[in-house]
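In: Need a 3D model of the following:
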Amino acid sequence: MKRLTIANTWVGSLVGAIPPLMGWAAATGTLGPGAWVLGGMMFAWQFPHFNSLAYTLRADYSKAGYRMMSVTHPRLNARVSLRYALLMFPLSAMYPWLGVTDMWFLLDSSIVNGFMAWCAYQFWKSPDVKKSRRLFFSSLVHLPVLLILIMAHEFIQERYIASAKQEGEEEE
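Out: Predicted coordinates for the structure are as follows:
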């Protein structure tokens with residue numbers, strides 16, 4: 001697809017969102033709302049990650065005849081990176097709302113999402129190789145930190161629920 005259309009990144013991001021759905025289903029036996037949010041996070045994360053890398057490598061992509069957004073529409077490439085970096089905020093906010101994590105996840109995820117969004121904003125405002133590399137490396141840190149935060153806050157949420165349940169049983 002890279003030789004045919006800039007839609008290759010959207011298709012690749014859909015494919016990249018499938019493994020977390022499979023993992024969630026394997027772990028829980030369901031594809032509940034939390035699974036779809038995780039898939040959405042993986043889908044959205046791939047744009048700041050891949051578009052920044054593609055911008056850095058755009059000369060090579062052009063020589064190879066690839067129709068990458070970074071080659072054919074560099075400003076769109078940067079704008080899409082920012083758009084999907086910003087999408088991480090409402091996606092992250094859905095986990096406390098769904099009861100997957102505690103409410104403190106909003107604060108922690110906002111810090112991590114904010115840094116990547118700031119890098120994406122700088123890249124969008126004035127695209128250059130230095131800013132694309134900064135966004136790329138921020139995305140490399142962003143994903144594992146965000147996933148660790150989800151697990152930690154889910155664990156805290158489970159302990160809180162278990163504690164509240166135990167206190168309720170003791171009162172009876």
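In: Now do the contacts for the nearest residue to residue 84 once chain neighbours are set aside.
Out: With Cβ to Cβ, 6 or more residues apart in numbering as the criterion, residue 84 has its nearest non-adjacent residue at 3.6 Å, and that residue is residue 47. Backbone N, C-alpha and C define where each C-beta goes, glycine included. Taking Cβ atoms under 8 Å, 6 or more residues apart in numbering, we find residue 47 in contact with 9, 13, 80, 81, 83, 84, 85.
In: what about 6 Å?
Out: Residues near residue 47 by Cβ atoms under 6 Å, 6 or more residues apart in numbering: 80, 81, 84.
In: can you check residue 156 too?
Out: Residue 156 makes contacts with residue 102, as judged by Cβ under 6 Å, 6+ apart.
In: Which helix or strand contains it?
Out: helix 129-171 (DSSP states H and E).
In: Any chance you could give me the helix or strand hosting residue 41 in PDB, C-alpha atoms only?
Out: Using DSSP H and E, residue 41 sits within helix 33-56. The C-alpha coordinates for helix 33-56 follow below in PDB (Å, rounded to 0.1, in the frame of the first residue of the first chain):
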ATOM      1  CA  PRO A  33     -15.500  -1.400  26.300                       C
ATOM      2  CA  GLY A  34     -12.100  -1.500  27.900                       C
ATOM      3  CA  ALA A  35     -10.700  -3.600  25.100                       C
ATOM      4  CA  TRP A  36     -12.000  -1.200  22.500                       C
ATOM      5  CA  VAL A  37     -10.500   1.800  24.300                       C
ATOM      6  CA  LEU A  38      -7.100   0.000  24.500                       C
ATOM      7  CA  GLY A  39      -7.400  -0.800  20.700                       C
ATOM      8  CA  GLY A  40      -8.200   2.900  20.100                       C
ATOM      9  CA  MET A  41      -5.200   3.900  22.100                       C
ATOM     10  CA  MET A  42      -3.000   1.700  20.000                       C
ATOM     11  CA  PHE A  43      -4.500   3.000  16.800                       C
ATOM     12  CA  ALA A  44      -4.100   6.600  17.800                       C
ATOM     13  CA  TRP A  45      -0.600   6.200  19.200                       C
ATOM     14  CA  GLN A  46       0.700   4.900  15.900                       C
ATOM     15  CA  PHE A  47       0.300   8.200  14.100                       C
ATOM     16  CA  PRO A  48       2.600  10.400  16.200                       C
ATOM     17  CA  HIS A  49       5.000   7.400  16.400                       C
ATOM     18  CA  PHE A  50       5.000   6.500  12.700                       C
ATOM     19  CA  ASN A  51       4.400   9.900  11.100                       C
ATOM     20  CA  SER A  52       7.400  11.400  13.000                       C
ATOM     21  CA  LEU A  53       9.600   8.500  11.900                       C
ATOM     22  CA  ALA A  54       8.300   8.800   8.300                       C
ATOM     23  CA  TYR A  55       9.100  12.500   8.300                       C
ATOM     24  CA  THR A  56      12.700  11.800   9.300                       C
END
